[in-house]
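Asks: okay, predicted coordinates and the sequence, questions at the end:
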Amino acid sequence: TIGNMDFYYSPGSSGCRTVLMTAKALGVELNKKYLNTREGEQLKPEFVKLNPQHTIPTLVDNGFSIWESRAIAIYLVEKYGKDDSLFPKDPKKQAVVNQRLQFDMGTLYDSFANYYYPLFRTGQPGTPEDFKKIETAVGFLNTFLEGQDYVAGDHLTVADIAILATISTFEAVDFDLSKYPNVDRWYKSAQKVTPGWDENVEGVQRLKDMVNAKKAEHKKN
């Protein structure tokens, strides 16, 4: 049975949006608890007790606490999915989904973070070398999607959802996807088929507003 699930999150965070869309795809209700990380709310002792790493997203399912967005997404599918379509049980199919999830975390999102996180903090992005790493990472994704409608196999999986959360975050900083036709095509179609897309867009918009405010602040200084 689907119990009482507390979900500690911030709408701008792409990892949080991964979990929100996965929950929507499963028809699972989350009891959303907004954590203002800029105010240091994640450092409150009661939250650190739930997650000693004090990161968001964090899910607490009937006393069981788990963090890292992709781990949460897989947990939700394995526990509450009516079938295994979002995270296939077949070892080869699952391996491809896992590879894409790890590519998303270690290469694609990582390249985004290294270049754009300084922008969120200071109004100025990282170095041109950092930007080249983004182009390389999105280029890899473009190759994975050659002749494919989904990032891992022939139907929607948690890998699509996680990478959708990442690529939509690129939109908050006006990254041009048109140089990557397969990614661009997949991105447009994934928006239509992924449950919870509307809430994802709201989160991206909040991030975009924050980026623009930082840029304006930086110009003044």
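Replies: On my side now, so go ahead.

Asks: and the helix or strand hosting residue 213, what's buried?
Replies: Element membership for residue 213 (DSSP states H and E) is helix 197-220. By neighbour count on 16 or more other CB atoms under 10 Å, the buried set for helix 197-220 is 197, 200, 203-204, 207-208, 211, 214-215. From N, CA and C alone the C-beta is placed, and that goes for glycine too.

Asks: just the residues contacting it, thanks.
Replies: If you take CB atoms under 8 Å, 6 or more residues apart in numbering as the criterion, helix 197-220 is touched by 11-13, 16-17, 20-21, 24, 119-124, 164-165, 168-169, 171-173, 191, 194.

Asks: from these, which would you call buried?
Replies: Buried by 16+ other CB under 10 Å: 11-13, 16-17, 20-21, 24, 119-120, 123, 164-165, 168-169, 172-173, 194, out of these.

Asks: wait, what's in contact with residue 163?
Replies: Residue 163 neighbours (CB under 8 Å, 6+ apart): 100, 104, 108, 141, 151.

Asks: surely the last one is in contact with residue 166?
Replies: The one in question is residue 151. No - with contact defined as CB atoms under 8 Å, residue 151 does not reach residue 166; the gap is 10.7 Å.

Asks: quick one: the helices in the protein, in order.
Replies: 14-26, 45-50, 69-80, 91-103, 109-122, 128-144, 158-171, 181-193, 197-220 (DSSP state H).

Asks: now the fifth one against helix 197-220, angle please.
Replies: Translated: helix 109-122. Orientation of helix 109-122 against helix 197-220 (axes from the mean of the first three to the mean of the last three CA atoms, to 10 degrees) gives an angle of 50 degrees.

Asks: going forward, count from 669.
Replies: Shifting the count to begin at 669 puts that one at helix 777-790.

Asks: low-confidence stretches in this structure?
Replies: Within the chain, the stretches with pLDDT under 70 are 669-671.
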